[in-house]
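*Asks:* please find the sequence and the predicted model below.
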Amino acid sequence: MVARARPFEFTLSTAAAREESERELLFPETRGTTLDLTAFVSCYNEVDFIEQTLEDIRVALRELGLASEIIVIDDGSSDRSAELVRRYIAEHPEDRIILRRNLVNRGLAQNYIDAAFLGRGRYYKLFCGDNTEPRHSIVQICSQAGKADIIVPRYVSVAGKSAFRKWLSGAYTALVNLVSGNRLAYYNGLALHLRYNIMRWHPNTRGFGFQADIICMLLDQGGTYMEIEVEAINRAQSRALTVKNVLSVGHTLLDIVIRRVANAIYRR
């Protein structure tokens, strides 16, 4: 029998290596919750921003006094992103930082769920590798941990975001609110969750719609949320109108409608 090659590889800081074993990385169900927060950094060809992203996260979480870890998943980058992350890890051996480099592209939604299983934090937050959130916004959001099951960012200022993208975001939010019955101001922000909730209630949607699906699913289960106004920076070109993302949005909206109808029937 021929053994299958692993689809990813790991690099750990010294602090992470002291606590990790290969078994725990390959079989996440053996892990426990020992930290306050797991920061998941999504990375795909982010050579210009990834080091500053890691620095801002690390400094912000230290400022808050949170026992935290940073898990970077490089999703098959073709540039030097993974090399820069490895260098950053080597320069900060005292911090718990883990790099998983996917040898094939798996997509943000799948990586988001995978990193939740890899983590040890009570709380869990997504960060984009292009340094979307300024340091003060990270502090604002993460300082609210424990005040609700979901801390939902409302981006009152997004430098570099075009008028069309703002309109598209507003239209998408209105659609999700319409079919779900919720009244959130934004669904696709970098929300702060209880990590257990992501592991327990993650959806099977992919692409653009997965964050809205998770939030609506958790609210259906009686989860609480708090919205907080923060600033952000847009650095990436929009991929919202790709075929994959349009299909993802359709899948998400259909899931939300089906759950709402089912809840109306079974909770009578």
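*Replies:* Structure's in. What do you need?
*Asks:* and the helices in the stretch 151-268 of the chain?
*Replies:* Secondary structure of the stretch 151-268 of the chain (DSSP state H, counting those that start in this stretch): helices located at 163-180, 195-201, 210-220, 243-266.
*Asks:* what's the closest of those helices to residue 153?
*Replies:* helix 210-220 (11.0 Å; C-beta to C-beta). All C-beta spots, glycine's among them, are computed from the backbone N, C-alpha and C.
*Asks:* contacts for that closest one, please.
*Replies:* Under the criterion C-beta atoms under 8 Å, 6 or more residues apart in numbering, residues 108-109, 112, 149-150, 152, 172, 176, 180, 182, 184, 187-189, 191, 193, 197-198, 201-203, 205, 225, 248, 252, 255-256, 259-260, 263 lie in contact with helix 210-220.
*Asks:* buried ones only from the residues you listed, please, as a ChimeraX command.
*Replies:* Remark: buried members of those, expressed as a ChimeraX selection using 16 or more other C-beta atoms under 10 Å:
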select :108,109,112,149,150,152,172,176,180,182,184,187,188,189,191,193,197,198,201,202,203,205,225,248,252,255,256,259
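*Asks:* could you pull out the buried residues of stretch 156-167?
*Replies:* Applying 16+ other C-beta under 10 Å to stretch 156-167 flags 158, 161 as buried.
*Asks:* same check on stretch 143-152?
*Replies:* Within stretch 143-152, judged by 16+ other C-beta under 10 Å, the buried ones are 143, 145, 148, 149, 150, 151, 152.
*Asks:* using TSV, lay out those together with distance to residue 60.
*Replies:* As requested, those are exported to TSV (distance: C-beta to C-beta, whole Å):
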residue	distance to residue 60
143	9
145	13
148	20
149	22
150	19
151	14
152	18
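*Asks:* which among the residues you listed gets closest to residue 18?
*Replies:* Distances from residue 18 to those, taken by C-beta to C-beta, are shortest for residue 145, at 25.0 Å.
*Asks:* the closest one belongs to a helix, doesn't it?
*Replies:* No. Secondary structure of residue 145 (DSSP: H, G, I helix; E, B strand; the rest coil): coil, not part of a helix.
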